[in-house]
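> below are the sequence and a predicted model for it; my questions follow.
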Amino acid sequence: MSNTCMFCGKPYHVERNEVAGRIMTLSVPSCDCEEREEAKLRQAEEKAVKMRRVEALRLPAIFSPYWLKNLQCEHAADAQIYVEGFRPHKSKGLFLWGPNGNGKSTLAAVICKELAWRGYRARFTTMTETLDRMEQGAGFNRAQQAQRTLKELLAYDFIVFDDYGRENYTPVRLQNVFQIVDKLYTHQTPFCMTANPECIKRIADIPELEAIQDRMGQVLTSWEFTRASFRREV
Ligand SMILES: Nc1ncnc2c1ncn2[C@@H]1O[C@H](COP(=O)(O)OP(=O)(O)OP(=O)(O)O)[C@@H](O)[C@H]1O
Ligand SMILES: [Mg+2]
Ligand SMILES: [Zn+2]
């Protein structure tokens, strides 16, 4: 063993201890460099684990640059409070609504990232994607696939359905969307919808969706987005 610190060069000192009647000598560092280096490595490893959880969300690349700390958004402060106080099965969900292009999907994705970073199981999807998954297969297989998809959703602590109301509703889809919302509602899984006024209007006239709106009104906190589109700024 070297008798100087490999980081700062300070010489080690010798410690004598009596063990079972025998004097043992031990060369020990006079500084805490080794401990600090170990702590740094541990921190880097923890950060890598958190980053891998965020990457596992497989979010679209457009959301990559954004985190709560660098997001100029009218609800960034609300979102900070939300993620810091997040409790699976206890927190309310979110309904982010407002006109086109003002950052609803981006904030929803950032909330997923922040929750994944903190160790929660989050998922970012669209209602269309989830309904498509439920409808894969035919006959009995399709019914099983629908049940499997619903069960998969229950593995998450927080789920975003981006662009609610943009999907086209067939009678089967109306049943399935009810099943999705009702499943999350009864299991008290917080979920988040983003929607535009025109999509909200589209589905407002579908009587079968009333029971869904009712449940959503109870379990989702509504954040209205009012600013002009970022897309028109460039
Ligand atoms: N806080 C922000 N600061 C700067 N750019 C942003 C911000 N939020 C979103 N953007 C950019 O603005 C564009 C629209 O964002 P986003 O898709 O989140 O809006 P949206 O409200 O979901 O739109 P839509 O209603 O059409 O679904 C994207 O290019 C996005 O990168
Ligand atoms: Mg959007
Ligand atoms: Zn040292």
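Cool, the structure landed. Ligands and ions are numbered 1, 2, ... in the order given.
> the closest residue to residue 164 other than its chain neighbours: neighbour count?
Take residue 164 and drop its neighbours on the chain: the residue closest to it by Cβ to Cβ, 6 or more residues apart in numbering is residue 193, 4.1 Å away. (C-beta placed from N, C-alpha, C; glycine too.) For residue 193, the count of nearby residues is 25 (other Cβ atoms under 10 Å).
> wasn't residue 193 part of a strand?
Yes: membership of residue 193 in a strand is supported by DSSP: H, G, I helix; E, B strand; the rest coil.
> what's near enough to touch it?
93, 94, 95, 96, 127, 160, 161, 164, 216, 220 (Cβ atoms under 8 Å, 6 or more residues apart in numbering).
> what two of those have the greatest distance between them?
94 and 127 (14.9 Å; Cβ to Cβ).
> the more surrounded of the two?
residue 94 (26 against 22).
> pretty sure the more buried one is touching residue 86, no?
No: in this structure, residue 94 is not within contact of residue 86 by Cβ atoms under 8 Å, at 10.9 Å.
> how far away is the spatially closest residue to residue 53 that is not a sequence neighbour from residue 32?
Distance criterion Cβ to Cβ, 6+ apart; nearest residue to residue 53, sequence neighbours excluded, is residue 116 at 4.5 Å. In this view, residue 116 and residue 32 are 33 Å apart by Cβ to Cβ, to the nearest Å.
> just residue 72 next, same as before
41 Å.
> who's more crowded, these two?
Ranked by neighbour count (other Cβ under 10 Å), residue 72 and residue 32 place residue 32 first, with 13 against 9.
> tell me the phi and psi of the more buried one?
Note on residue 32: backbone dihedrals following degrees, to the nearest 10 are phi -110, psi 20.
> pLDDT at it, what is it?
The per-residue pLDDT reported for residue 32 equals 96.
> now the one 4 residues further on
The predicted local confidence for residue 36 comes out at a pLDDT of 97.
> state the distance from it to residue 92.
42 Å.
> neighbour-wise, which of the two wins?
Between residue 36 and residue 92, residue 92 has the larger neighbour count (other Cβ under 10 Å), namely 14 against 11.
> ok, the more buried one - contacts?
Applying Cβ under 8 Å, 6+ apart to residue 92 gives the contacts 190, 219, 220, 221.
> for the longest helix seen in the chain, list every residue counted as buried.
If you go by DSSP state H, the chain has its longest helix at helix 33-55. By neighbour count with 16 or more other Cβ atoms under 10 Å, helix 33-55 contains the buried residues 53, 54.
> keeping just the C-alphas, turn that helix into PDB.
Extracted in PDB, the C-alpha atoms of helix 33-55 (Å, rounded to 0.1, in the frame of the first residue of the first chain):
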ATOM      1  CA  CYS A  33      -9.800  12.400   0.100                       C
ATOM      2  CA  GLU A  34     -10.600   8.700  -0.400                       C
ATOM      3  CA  GLU A  35     -14.000   9.000   1.400                       C
ATOM      4  CA  ARG A  36     -14.800  12.100  -0.700                       C
ATOM      5  CA  GLU A  37     -13.900  10.300  -3.900                       C
ATOM      6  CA  GLU A  38     -16.000   7.400  -3.000                       C
ATOM      7  CA  ALA A  39     -19.000   9.700  -2.200                       C
ATOM      8  CA  LYS A  40     -18.500  11.400  -5.600                       C
ATOM      9  CA  LEU A  41     -18.600   8.000  -7.300                       C
ATOM     10  CA  ARG A  42     -21.700   7.000  -5.400                       C
ATOM     11  CA  GLN A  43     -23.400  10.200  -6.300                       C
ATOM     12  CA  ALA A  44     -22.500   9.700 -10.000                       C
ATOM     13  CA  GLU A  45     -23.900   6.200  -9.900                       C
ATOM     14  CA  GLU A  46     -27.100   7.300  -8.300                       C
ATOM     15  CA  LYS A  47     -27.500  10.100 -10.900                       C
ATOM     16  CA  ALA A  48     -26.900   7.500 -13.700                       C
ATOM     17  CA  VAL A  49     -29.600   5.300 -12.200                       C
ATOM     18  CA  LYS A  50     -32.100   8.200 -12.100                       C
ATOM     19  CA  MET A  51     -31.200   9.200 -15.700                       C
ATOM     20  CA  ARG A  52     -31.800   5.600 -16.900                       C
ATOM     21  CA  ARG A  53     -35.200   5.700 -15.300                       C
ATOM     22  CA  VAL A  54     -36.000   8.900 -17.300                       C
ATOM     23  CA  GLU A  55     -34.600   7.400 -20.500                       C
END
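> good, we can wrap up now.
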